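**Q** below are the sequence and a predicted model; questions follow.
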Amino acid sequence: MYILLGNIFMEENDYGQALINYGLGVRYGNLEGHKGQGLAYRLIGQYEDAIDSMTKYIDSKSDTVDTGVLVALMETGLNYQSLVEHEEAINTFMKVLEIDANNNDAKYYMALSYEYIEVYDKAIELLEEVISDDSNYKAAKDELEFIKTHLVK
């Protein structure tokens, strides 16, 4: 019940109430609340708290790999990027790819982290993989063009 209420408050952009309800869900044994808290914390810019909540969620699912774990790992990587901790972001996106080797979003965001730390060859390689797999991935095309035009001489 508390997770459902948390979801409703998230849809209404009432992140404080969402956090309270997700917390109550966790308190009463529904560990999905950690994932909800992580999402809410990210939306309000509390990236460390978001990482902590997502890590608790991932750890609670240590026996299972499901869509929820993939979402939590992706969100964790994005939180590390927001904190400009690109090595951690790369490591987290690599975990996603260990589970789902064809996850183009993980490749794209990993490429952005490589670009940020100026490892352009790896960023280009990942972006080309994404585009090869999905020729409609506009953000990857745009980023690849930017790197080749402005960053790599």
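**A** Arrived safely.
**Q** what's the local residue count around the nearest residue in space to residue 36 that is not next to it in sequence?
**A** Spatial nearest neighbour of residue 36, excluding adjacent residues (C-beta to C-beta, 6 or more residues apart in numbering): residue 22 at 3.9 Å. Where C-beta positions appear, they are placed from N, C-alpha and C, glycine not excepted. Using other C-beta atoms under 10 Å, the number of residues around residue 22 comes to 29.
**Q** host element of residue 22?
**A** If you go by DSSP states H and E, residue 22 is part of helix 15-27.
**Q** avg pLDDT for that helix?
**A** Helix 15-27 shows a mean pLDDT of 97.
**Q** got it, and stretch 49-57?
**A** pLDDT averaged over stretch 49-57 gives 97.
**Q** ok, residues contacting it?
**A** Residues from elsewhere that reach stretch 49-57, judged by C-beta atoms under 8 Å, 6 or more residues apart in numbering: 31-32, 34-35, 37-39, 41-42, 68-69, 72-73, 75-76, 79-80.
**Q** now with 6 Å?
**A** By C-beta atoms under 6 Å, 6 or more residues apart in numbering, the residues outside stretch 49-57 that reach it are 34-35, 37-38, 41-42, 72, 75-76, 79.
**Q** try stretch 125-141
**A** When contacts are defined by C-beta under 6 Å, 6+ apart, stretch 125-141 is touched by residues 104, 107-108, 110-111, 143-144.
**Q** pull out the buried residues from those.
**A** Among those, those classed as buried by neighbour count (16 or more other C-beta atoms under 10 Å) are 104, 107-108, 110-111, 143-144.
**Q** nearest to residue 86 among those?
**A** Ranked by distance to residue 86 (C-beta to C-beta), those are led by residue 110 at 9.3 Å.
**Q** what sits against the closest one?
**A** Contacts for residue 110 (C-beta under 6 Å, 6+ apart) come out as 90, 93, 126.
**Q** looking at the residues you listed, which has the most residues close by?
**A** Going by other C-beta under 10 Å, residue 93 tops the contacts of residue 110 with 29 neighbours.
**Q** which parts of the chain are strands?
**A** Using DSSP state E, the chain contains no strands.
**Q** by residue count, what's the longest helix in it?
**A** Longest helix of the chain, by residue count under DSSP state H: helix 67-82.
**Q** okay, buried residues for it please.
**A** For helix 67-82, burial by neighbour count (16+ other C-beta under 10 Å) applies to 68-81.
**Q** need those residues in TSV (columns: distance to residue 12).
**A** Shown next, in TSV, are the buried residues of helix 67-82 (distance: C-beta to C-beta, whole Å):
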residue	distance to residue 12
68	22
69	27
70	26
71	21
72	23
73	27
74	24
75	20
76	25
77	27
78	23
79	23
80	28
81	27
